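>>> no sequence on this one, just coordinates:
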């Protein structure tokens, strides 16, 4: 019998939120700070290829750690 490990749903929510947040930042850079479309394309390709490297799990863990730190702040 093959068992499939249960995945948590929270990392997916964090990933989608991170993508939306970074997308908004890139859009603001594009509109306000003169980010050219070619620069945005290079940034997207860099992120895409970086996700396939050995450092990707460390980056993902750092992002999750930062999100939990920010999520724990009380105002």
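In hand now; what should we look at? A quick note: this is a predicted structure, and the numbers were derived from the prediction, not measured.

>>> C-alpha from now on. contacts and neighbour counts both.
Fine.

>>> what is the mean pLDDT for the helix or strand where residue 62 lies?
Following DSSP states H and E, the helix or strand that holds residue 62 is helix 56-71. What helix 56-71 shows for mean pLDDT is 86.

>>> List the buried residues of it.
Buried positions in helix 56-71, judged by neighbour count with 16 or more other CA atoms under 10 Å: residue 64.

>>> which strands and helices sit next to it?
helix 10-32 (3 or more CA pairs under 8 Å, 6 or more residues apart in numbering; DSSP states H and E).

>>> Next secondary structure element downstream of the helix it packs on?
Downstream of helix 10-32, the next assigned helix or strand under DSSP H and E is helix 37-50.

>>> relative to helix 56-71, how tilted is that next one?
110 degrees (axes from the mean of the first three to the mean of the last three CA atoms, to 10 degrees).

>>> List of residues touching helix 37-50?
Identification of contacts with helix 37-50 by CA atoms under 8 Å, 6 or more residues apart in numbering yields 26, 30, 56.

>>> got a list of what the spatially most central residue of the chain touches?
Computing the C-alpha centroid of the chain and ranking residues by CA atoms, centre = their mean puts residue 18 first, at 4.3 Å. By CA under 8 Å, 6+ apart, no residues touch residue 18.

>>> For it, give its distance to residue 60.
10 Å (CA to CA, to the nearest Å).

>>> same question, residue 75
Distance, residue 75 to residue 60, using CA to CA: 26 Å.

>>> got the buried residues for stretch 24-41?
By 16+ other CA under 10 Å, the buried positions in stretch 24-41 come out as residue 26.

>>> First-to-last residue distance for that stretch?
15 Å.

>>> Flag the helix or strand of the chain with the lowest per-element mean pLDDT.
helix 10-32 (a mean of 73; mean pLDDT, DSSP states H and E).

>>> one step back: closest one to residue 67 out of the contacts of helix 37-50, please.
residue 56 (16.4 Å; CA to CA).

>>> Now that closest one: closest residue in space, sequence neighbours ignored.
Nearest non-adjacent residue to residue 56, counting by CA to CA, 6 or more residues apart in numbering: residue 50, 6.6 Å away.
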